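K.L.:
Structure, please.
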Amino acid sequence: MVRTSNSQRARPRAALSAQPSTPSSATLSPKTSSSRTLSDHASQHQESHYTVSWLDSNATDDSNFIENSPRGAHQTAYLTPSHSSDPRALNTASQVAEAISPYESALWAKPLRMQMKWITRQHVVLSVRYAALSEDSPYISLKCSHFEPEDSDIVHRKWGNQPQQIREIPSYCAVDVTEIFSQLEELIQGYTQYYYRQMNINPWKVPGIEPSTIPNIVTSTFKIALKYQERSRIVRDAVRIWIGSRLCAAKRTLLSEESLGMSVINVEDAPDFGHIPIPPMLDYQLDTIMIQWMESGMKQMLKQLWSILLKRHKKDWFEVYLSIFILIHNLEVVFECQKVYIQLHQDAPYGRKIAAFSEPMLEQWQWTAKHLLFVYHYHMRRAAFGDAPMFQESFLDDAIAFADLDDEDQDYLRIANHWITEQVPECGMSAYADVHQMTWCRNLMQNPKSA
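P.N.:
Numbering: from 1, shown residues only. All right, here's what the predicted structure looks like:
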């Protein structure tokens, strides 16, 4: 079950992007990638990135999209499913095994195992908390048992920068992964409410994003989107994907009720400072299943979005804008995080491998952002707006009337108009990245001719 609890502060990891795939396609083409060499290096260092990528072989025109999902973790690799089953329709362990068995990661050379060699059949309930560790942050509780690890399984974590500062982690994992599926909906809802509270309490600190500061216009947009999701399915689904991305990107910790005999790591420069490390196999289960859940939700969202685009109704412009803004913002965050990560490790022994792994991802994210911008501007023209500057003062009244916006929405348009007029600089974590938050979203808000 998902609950709330007292907690400590966590340092966020890089974010997971959510990008669209072909609405009509039910099959995703596999992509192979060898990750053992990089894994062997990365497992010795505190923060490497872990990437999930879906490519659709039929993506050829503006009716097709690419979906691509990076995340932050302790390793770097591609995760690729060979088919797409809806995890919410899976009722048995064998069905789940069939759905997620094609996944591979840098943690294990083999797919996620569904049949474990259990050391004991007795189980304990482990509670895992994501993202910022505050007292109102939800967490998930799962029945877990002790299994016999294989040679390729990771069973250690660094708790400091010295070579000898290694902690052995008991090899526990979820007994039944369908239990994770059954709790994802509640977990997402809980974190949606949590993030909304965080934005209202301190709009400059949103967990799961590096750095902790985000542009004020992003905060304003997400507040409107969180409200708008009550009447728009595509906005709701985009928000849920964004929330899922933050969950996949954030560090996790065991709660103290059952910690497998481990204590909180109190070394400030440790990768897991302030945390009780969770077993790597359990960590991998949570990631794999969350990604599968997000991929299914993305497909449903894009079918709905495409049906809206085909109608060419002026009244839908704000709904389309909000959903695409959220997807593009995800891309900006992960693009910047990955670029900074490459720069920070360029002199490391495995720096070249990280750069080589990253380049295809960066190209895909950049292509997807440009494609989403094209889709939005194309929709605006097809809906008979032409090159109307929707966020400029001269067109504000028409923009409000077309979408029948309420007072709060109208205030947001005026904030956006002021933001564009003032040309507020993009926020970003450093000068390393050529794409910062609001680099691509700015183009979404501008007149297509000037974007």
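
K.L.:
Quick check: buried residues in the longest strand seen in the chain?
P.N.:
In the chain, with assignment by DSSP state E, the single longest strand is strand 118-130. Buried positions in strand 118-130, judged by neighbour count with 16 or more other Cβ atoms under 10 Å: 123-124, 126-130. Backbone N, C-alpha and C define where each C-beta goes, glycine included.

K.L.:
bridging residues for Leu126?
P.N.:
Per DSSP bridges, the residues bridged to Leu126 are Leu142.

K.L.:
Run a quick check on Leu322 versus Arg231, I expect a contact.
P.N.:
No. If you go by Cβ atoms under 8 Å, Leu322 and Arg231 don't touch, sitting 11.2 Å apart.

K.L.:
which ones are touching the closest residue to Phe318 other than its chain neighbours?
P.N.:
Distances taken as Cβ to Cβ, 6 or more residues apart in numbering place Ala403 nearest to Phe318, at 4.0 Å, with adjacent residues excluded. Applying Cβ atoms under 8 Å, 6 or more residues apart in numbering to Ala403 gives the contacts 314-319, 409.

K.L.:
So which one of these is the model least confident about?
P.N.:
Across the contacts of Ala403, the member with the lowest pLDDT is Lys314, scoring 86.

K.L.:
how long is stretch 383-393 end to end?
P.N.:
Start to finish, the residues bounding stretch 383-393 are 20 Å apart (Cα to Cα, to the nearest Å).

K.L.:
average pLDDT across that stretch?
P.N.:
On average, stretch 383-393 scores 67.

K.L.:
try stretch 278-290
P.N.:
Stretch 278-290 shows a mean pLDDT of 90.

K.L.:
follow-up on the earlier one: and of the buried residues of strand 118-130, the nearest to Ser145?
P.N.:
Nearest to Ser145 out of those is His123 (Cβ to Cβ; 4.7 Å).

K.L.:
what about the closest one, distance to Val175?
P.N.:
His123 is 6 Å from Val175, where distance means Cβ to Cβ, to the nearest Å.

K.L.:
joint contacts of the two?
P.N.:
Here His123 and Val175 have 143-145 as joint contacts, going by Cβ under 8 Å, 6+ apart.

K.L.:
For the residues you listed, pick the one with the most neighbours.
P.N.:
Cys144 (25 neighbours; other Cβ atoms under 10 Å).

K.L.:
Helix, strand or coil: sort out it for me.
P.N.:
Under DSSP: H, G, I helix; E, B strand; the rest coil, the three-state class of Cys144 is strand.

K.L.:
Is it in contact with Val177, as I believe?
P.N.:
No. If you go by Cβ under 8 Å, Cys144 and Val177 don't touch, sitting 11.1 Å apart.

K.L.:
quick one: buried residues of stretch 266-282?
P.N.:
270-282.

K.L.:
Could you give the number of residues near Thr288?
P.N.:
By the criterion of other Cβ under 10 Å, Thr288 has 21 neighbours.

K.L.:
Just confirm it is within a strand.
P.N.:
No. Thr288 is assigned helix when assessed by three-state DSSP, not a strand.

K.L.:
measure it to Met114 for me?
P.N.:
Thr288 is 11 Å from Met114, by Cβ to Cβ.

K.L.:
which SS class is Pro138?
P.N.:
Pro138 - assigned by three-state DSSP - is strand.

K.L.:
who does it bridge with?
P.N.:
Beta-bridge partners of Pro138, counted by DSSP bridges, are Thr4.

K.L.:
Understood, closing this out.
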